[in-house]
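In: requesting a structural model of the entry that follows:
(one chain, ligands or ions: 2)
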Amino acid sequence: MKDYSFYLLETLISETDLQNRISELGAEISRDYRDSDDLLLVCILRGAVIFLTDLSRKITVPHAMDFMAISSYGAGNRSSSGVVRITMDLITNISNKDVLIVEDIIDSGNTLSYVMELLLTRKPKSLNVCALLDKSERREVEVPIRYTGFKIPNKFVYGYGLDLDEYYRNLPFIGVVDLTKYEG
Ligand code: IMP
Ligand code: MG
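Out: Ligands and ions are numbered 1, 2, ... in the order given. Reported below is the predicted structural model:
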């Protein structure tokens with residue numbers, strides 16, 4: 001794999017802008033959940049893991065975290081097909097907990113809609129979503145996003161948790177992929 005800079009068309013969101021916005025989201029979540037005594041952050045692997053760890057450290061109310069992995073059957077990494085399945089489930093029993101799903105990006109909305117329906121059957125006390133990025137132009141299924149980091153245009157992005165063939169999740173910023181150099 002080449003250096004990340006080979007595929008970089010432009011920086012979409014800088015490290016400073018990401019961190020500032022995450023601090024704001026952390027403050028807002030801390031206010032909204034100040035009376036909760038059972039807050040659980042649910043990280044959707046793998047894309048949301050970097051966001052989760054930064055966001056969690058900006059949330060001042062006590063909370064737990066758990067992880068689940070989802071795959072979109074038959075899809076490349078640019079979008080999901082609508083057929084979604086769980087490849088790794090939560091360990092925590094979420095019944096009667098205030099659950100906040102933490103996602104990297106909402107594109108068609110298929111992944112999130114599936115996860116929300118599934119988690120609702122487990123009777124949490126509340127269920128909300130915090131998404132770092134919202135590519136709303138591409139929405140196929142309406143999903144309620146309580147906290148949004150940034151609305152972004154319909155461009156293929158990487159970095160800060162989002163990968164190109166599993167690489168570059170560690171980049172501290174969000175970049176736009178140069179599609180003349182990456183076939184995906
Ligand atoms: P949805 O089910 O179409 O909303 O797809 C959401 C998932 O697609 C995200 O969790 C990402 O894994 C992936 N995805 C969508 N857009 C991008 C992108 O621009 N870069 C990397 N992954 C993306
Ligand atoms: Mg994802």
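In: all the helices of the chain, residue numbers only.
Out: Under the criterion DSSP state H, helices of the chain are mapped to 15-32, 49-56, 110-120.
In: for the longest one, what is the average pLDDT?
Out: Looking back up the chat, that one is helix 15-32. Across helix 15-32, pLDDT averages out at 98.
In: point out the most buried one among the helices of the chain.
Out: helix 49-56 (a mean of 20; mean count of other CB atoms under 10 Å). No exception for glycine: its C-beta is placed from N, CA and C like everyone else's.
In: got the angle for that helix vs helix 15-32?
Out: Here helix 49-56 runs at an angle of 50 degrees relative to helix 15-32 (axes from the mean of the first three to the mean of the last three CA atoms, to 10 degrees).
In: what about helix 49-56 and ligand 1, any contact?
Out: No. Helix 49-56 is not in contact with ligand 1 by CB under 6 Å from any ligand atom; minimum separation 11.0 Å.
In: got a list of contacts for that helix?
Out: 18-19, 22, 25-26, 29, 41, 43, 63, 65, 67, 102, 104, 130, 132, 149, 160-161, 169-170 (CB atoms under 8 Å, 6 or more residues apart in numbering).
In: what do you get if the cut-off is 7 Å, keeping everything else the same?
Out: 22, 25-26, 41, 43, 65, 102, 104, 132, 160-161, 169 (CB atoms under 7 Å, 6 or more residues apart in numbering).
In: got a list of what Glu140 touches?
Out: 108-110.
In: what segments of this protein are strands?
Out: 8-13, 39-45, 63-72, 84-88, 98-106, 126-134, 147-151, 157-158, 174-177 (DSSP state E).
In: reformat those as JSON lines; add distance to ligand 1 and mean neighbour count.
Out: Converted to JSON lines, the strands of the chain look like this (distance: least, CB to the nearest ligand atom, whole Å; neighbours: other CB atoms under 10 Å):
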{"stretch": "strand 8-13", "distance to ligand 1": "10", "mean neighbour count": "16"}
{"stretch": "strand 39-45", "distance to ligand 1": "6", "mean neighbour count": "22"}
{"stretch": "strand 63-72", "distance to ligand 1": "6", "mean neighbour count": "17"}
{"stretch": "strand 84-88", "distance to ligand 1": "7", "mean neighbour count": "12"}
{"stretch": "strand 98-106", "distance to ligand 1": "5", "mean neighbour count": "24"}
{"stretch": "strand 126-134", "distance to ligand 1": "8", "mean neighbour count": "21"}
{"stretch": "strand 147-151", "distance to ligand 1": "12", "mean neighbour count": "17"}
{"stretch": "strand 157-158", "distance to ligand 1": "4", "mean neighbour count": "22"}
{"stretch": "strand 174-177", "distance to ligand 1": "8", "mean neighbour count": "23"}
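In: that's all I had, so thanks and see you.
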